[in-house]
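Peer 1: Here's a sequence, model it:
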Amino acid sequence: MYPMDRLSPRRRAILDFIRDRIAGNGQPPSLAEIAEAFGFASRGVARKHIVALAEAGLIEVVPNQARGIRLVERAPRPELLEIPVLGRVAAGAPIGPDADLHGHLLLDRQTFSKLPDYLLRVQGDSMIEDGILDGDLVGVHRSSEARDGQIVVARLDGEVTIKRFQRAGDTIRLLPRNPAYAPIVVRDDQELAIEGVFCGLVRRE
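Peer 2: Numbers count the residues shown, from 1 in each chain. Below is the predicted model:
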């Protein structure tokens, strides 16, 4: 299988668009629809992207058909995982959630301590002492519960952040791992939900 992380963001988005149209409408988009959806000046620009996806072995194109695009679904190797990338998470002050699908990455299972359900891109530097840097992709295993000391992705009053979870009696704190940041003490009037636990990261050089 062609590595998904070697596709440009635009071509990953076009491939996802094709998949969504087939799943939702039962047929692939035409070149004109792709050009319109992505703001291309002409169908010729869309055709160049389609040819590149076909050369990568991710789609097939039936000649002389307006909707001649066909997906090529190949089973990934057992040791590899195809993991969705779902936006960003703050390592600093919490930011608004961004759960849009940003594509997929094909990664080795041994990258992670536990199989992740999705990846989030880190924004900020509050977790640098745990080796989590700005721009890293963190693997998240969905869980609504966390143990004391675990690194978690938490939603606090609708905003998402990554921190260490600490519970002391009835008090919950979300701890940064950078002395420049203060712990977040969760107040009784705030709504806290654990979205998942950290299980590894991917750093793109």
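
Peer 1: Over to the residue lying farthest from the centre of the chain: give its phi and psi.
Peer 2: Among the C-alpha atoms of the chain, the one most distant from their mean position (C-alpha atoms, centre = their mean) is that of Asn64, at 35.9 Å. Phi and psi for Asn64, reported as degrees, to the nearest 10, are phi 60, psi 30.

Peer 1: Report pLDDT for it.
Peer 2: pLDDT, Asn64: 81.

Peer 1: got the contact list for it?
Peer 2: Counting by C-beta atoms under 8 Å, 6 or more residues apart in numbering, Asn64 makes contact with nothing. Placement of C-beta: from N, CA and C, glycine included.

Peer 1: and it, how far is that from Ile162?
Peer 2: Between Asn64 and Ile162 the computed distance is 51 Å (C-beta to C-beta, to the nearest Å).

Peer 1: Check Ile132 too.
Peer 2: The value you get for Ile132 to Ile162, if C-beta to C-beta is used, is 7 Å.

Peer 1: so what sits against both of these two?
Peer 2: Ala91, Val122, Val138, Ile151, Phe198.

Peer 1: so who does the residue nearest to Ile128 when sequence neighbours are not counted touch?
Peer 2: Of all residues not flanking Ile128 in the chain, Asn178 sits nearest, at 5.2 Å (C-beta to C-beta, 6 or more residues apart in numbering). Each residue near Asn178 by C-beta under 8 Å, 6+ apart is listed here: Asp125, Ser126, Met127, Ile128, Glu129.

Peer 1: In PyMOL, select just the buried ones from the residues you listed.
Peer 2: Here is the PyMOL command that picks out the buried ones among these, judged by 16 or more other C-beta atoms under 10 Å:
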select buried, resi 125+126+127+128
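
Peer 1: Before I go, just wanted to say thanks for your time.
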